[in-house]
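In: The following block contains a protein sequence and its predicted model.
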Amino acid sequence: MRGRIHWLVAGLLVVGLASAPPVSAHKPSDSYLRLDVEDQQVTGRWDIALRDLHELLGLDTDGDGAITWGELRASRDAIIDEAASALRVRGNGKDCALRFQGIRVVSHSDGPYAALDLEAGCPQAPVDTLAIDYALLFGLDASHRGLLNLDFGGTRSAIFSIDTRSHRFAVDRPAAGALFVSYLREGAWHIWAGFDHLLFLLCLLLPAMLQRTPAGWVAAPDGRAAFLSVLSVVTAFTLAHALSLSAAALDWLRLPTRWVEAAVAATIVFAALNNLLPMVRRRLWLVAFGFGLVHGAGYAGVLAGLGLPTTSLALALLGFNLGVEGGQILIAAAFLPLAWLARNTSWYRHGVVVPGSMAAILLGGGWLAQRLFNIRLEGLW
Amino acid sequence: MLRVLCLVAGLLSAAAHAAPYVPDSEDQVLLRVAPSDNEAIARLRALRAAALETPGDSETAARFARGAIEHAREQADPRWYGYAERVLAFWDDAGEVPAAIRVLRATIAQYRHRFDRARAELDAVIAEQPGHPQARLTRAVIHSVQARYEQALRDCAALLRLGELLTATCMATPRSLSGAAETALEQLDRALTRASGDSGIRLWALTVAAEIAERLGREDAQQRYERAVQAEGAEHDLYLKLAFSDFLLRTGQPETVADVLSPFDDTTEARIRLLRARAAQGRTVDAAPLRSRLDAIRARGGVPGYREEAMLALHLEARPEAALWLARENWRLQREPADALLLLQAARAARRPEEAEPVRRWMRAHGVEDVRLEAQLDTLARQKEPAR
């Protein structure tokens, strides 16, 4: 009877708190798990409360009621063992090798935590699905929660509890078709946005429907021959351009950006100059090819900015290249009929080709100087 | 959707705090814990290990759970509720659950404000053992907190054979909220002088008496509180300390609040009162750490502490609209006079006198006598009238 009364009393005190709020000093036990997924590598940090580690492992080795940094460090291996056995990360269904680095200390609102830096290498790239199994402290504390912050194609968060010990995440990859189209559009857009490439193209196209004679430019007698000549030039340019672009994007070719950009400017100058002075007449397509290589390398910077997907790399490249070529063809298709129609007029030969080429020389020369010598002319270029 | 947003915000903010560091010296103390010669903790840990080793042994499990819950209460340390729950988890899906285990589950549920779950467990126990005192007592309190005073009184009546003081105390609160406050106080005072009782029961009785006296607007309310905090066992009674602190804040005596609340000053509830006391004394107060604590608690999920959230919003963050919403949510869960007061204060601060209706209804339906509530209602009524 005495025992019962005792418990009754103790129970009373508990009962007296019926209306006392559920939150108290320290909140219930939480751990904070932060993970970032990049390609097939997972990095992150796991914060585990020292209180919890003490309850699990007994951190206060000298029993004096104070857990010191030295005591925490001495328990490092035991802590890492505990953590490693409580966490499992799988990428695409395959286990990612989990490795813990050092331990530091971090403060949260309810006291000090051990900050465990970790990384996990997943065998398959890219990681499309991520599965995390969590079991820390559930053998001891039914109210423990693991709070997960995950960066996996966007920020996600989740809570692990004794009833929910696993979470799976999947990243949305765009369908091949959508990917292709988006890069196609990027390619086409960059033709327009890349003024220097555009200018070069125009310089090449300006005398397309003309023929050089000792007397200067005259209308090309054979329209078909002129058209074929343009075609060969543009094709050569396109092919070379695609080649060097892909090589640079795939990292087979690494050229310093500054020199490449300067070279692009130089090609503009050359092409424009060629319209004024007969430097290259035959085998223009060869020159176009060479210059195409330069321009393609220049585009690689753009692609790097876009970020290539590691899968479907070929598809993305193809899309981008086709976009660029498509853009060029559109411009040529727009320009050439006009050039053909105007080929006989003197205002075209003298008013467009010559001044246009001279303007191109100025612009190109300016860019060349700026890129070579790192001069910045604000607002002008 | 809002829950998800709050969850994400909470998680992101909770995790984005200070940066990790390497301490300078080996001897730097990171955390203080109970030393190894602390017998009480050592005993508890041994019991826990034994209970975990022999799942299904309901006696050991119950013994540990009881000790853990008591410890959790005394130290205001919620982890021990988690340890108790873990030990009791064996019976989560069991067909036959011993009464002791049910009662313990109910106790934890009630602590977590899962009143329906607690009641379900207690109903099961009482159905089998109508005379089970702990079950009756716990259920009586839940009924009282949720304003089912007749049912509370019926459960209290089952405790008669256990002693006059216990029964009188159990009955006092529901009676005082059913239009018989003076009588209830008189009976309680008589029982306190006449009957002897365990120090725990006495402490409870003194607390309840002080609360009723305050509601009646009696002059000796403060004396009663002071007597209670000096009684045996009061140092570990967080509920009493909070009640007295609230009284001191209401009566313009913020200076003594800090003394009353120690050693619980680290608890969230105590922090709120301490900050309020500081503010009342004209000192600058920073509620941000408390806010981040509540956010961290909310981020982990589970039943939120609407009362604390409402208090923080109302008294320390000057967010009356939020406080009103929280106080309303709180009112849906529990109907103690303190909850009523909170709702009225929030309605007043938000200048929405119509929000006081639920409290008015509750007071009229049961015959609640509480001078503080009536004063608030008067002020709110005047708020409704246009300024003259």
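Out: Alright, I've got the coordinates. Residues are numbered from 1 along each chain as shown, chains lettered A, B, ... in the order given.

In: Could you report the pLDDT at the residue sitting nearest the centre point of chain B?
Out: Compute the mean C-alpha point of chain B, and by CA atoms, centre = their mean the closest residue is B:Tyr239, 6.1 Å away. B:Tyr239 is assigned a pLDDT of 93 by the prediction.

In: any weak-confidence spans in chain A?
Out: Residues of chain A meeting the criterion pLDDT under 70: A:1-26, A:173-176, A:192-193, A:215-216, A:281, A:300-314, A:375-381.

In: Doesn't A:Arg212 lie inside a strand?
Out: Yes: looking at A:Arg212 with DSSP: H, G, I helix; E, B strand; the rest coil, it is inside a strand.

In: And stretch B:87-106, end to end?
Out: This stretch, stretch B:87-106, spans 14 Å end to end (CA to CA, to the nearest Å).

In: ok, and does it reach over to chain A?
Out: Yes: Stretch B:87-106 is in contact with chain A by CB under 8 Å from any CB of the partner chain, via B:89, B:103. Glycine gets a C-beta too; all of them are placed from N, C-alpha and C.

In: For that stretch, which outside residues touch it?
Out: With contacts defined as CB atoms under 8 Å, 6 or more residues apart in numbering or on different chains, stretch B:87-106 is touched by A:11, A:142, A:162, B:48, B:51-52, B:55-56, B:58-59, B:61-62, B:64-66, B:68-69, B:84, B:108, B:117-119, B:121-122, B:124-125, B:128-129, B:132, B:134-135, B:138-139.

In: now the residue nearest to the centre of chain B, what's its secondary structure?
Out: B:Tyr239 - assigned by three-state DSSP - is helix.

In: on that earlier part again, are any of the contacts of stretch B:87-106 buried, and which?
Out: A:11, A:142, A:162, B:48, B:51-52, B:58, B:61-62, B:64-66, B:68-69, B:84, B:108, B:118-119, B:121-122, B:124-125, B:132, B:134-135, B:138-139 (16 or more other CB atoms under 10 Å in any protein chain shown).

In: contacting residues around stretch B:331-343?
Out: Contact with stretch B:331-343 is made by A:19, B:113, B:115, B:145-147, B:177, B:211, B:215, B:246, B:306-307, B:310-311, B:314, B:324, B:327-328, B:330, B:355-356, B:358-359, B:362-363, B:368, B:370, B:372-373, B:376, as judged by CB under 8 Å, 6+ apart.

In: If you count neighbours, what's buried in that stretch?
Out: Quick answer for stretch B:331-343 (16+ other CB under 10 Å): B:331, B:333-343.

In: With respect to chain A, which of those residues is nearest?
Out: Using CB to the nearest CB, B:Glu336 comes nearest to chain A of the buried residues of stretch B:331-343, at 5.0 Å.

In: What does the pLDDT read for the closest one?
Out: Reported pLDDT for B:Glu336: 96.

In: Quick check: bridge partners of whatever residue of the stretch 151-300 of chain A ends up closest to chain B?
Out: Of all residues in the stretch 151-300 of chain A, the one sitting closest to chain B is A:Ser157 (4.5 Å; CB to the nearest CB). With DSSP bridges applied, A:Ser157 shows beta-bridge pairing to A:Asn149.

In: That one against A:Arg145, yeah?
Out: No: look at A:Ser157 against A:Arg145 with CB atoms under 8 Å: they stay out of range, at 12.0 Å.

In: Could you check which of the two has the larger neighbour count?
Out: More crowded of A:Ser157 and A:Arg145, by other CB atoms under 10 Å in any protein chain shown: A:Arg145, with 25 against 18.

In: which residues sit in contact with the more buried one?
Out: Contacts of A:Arg145 (CB under 8 Å, 6+ apart): A:28-31, A:159-161, B:300-301.
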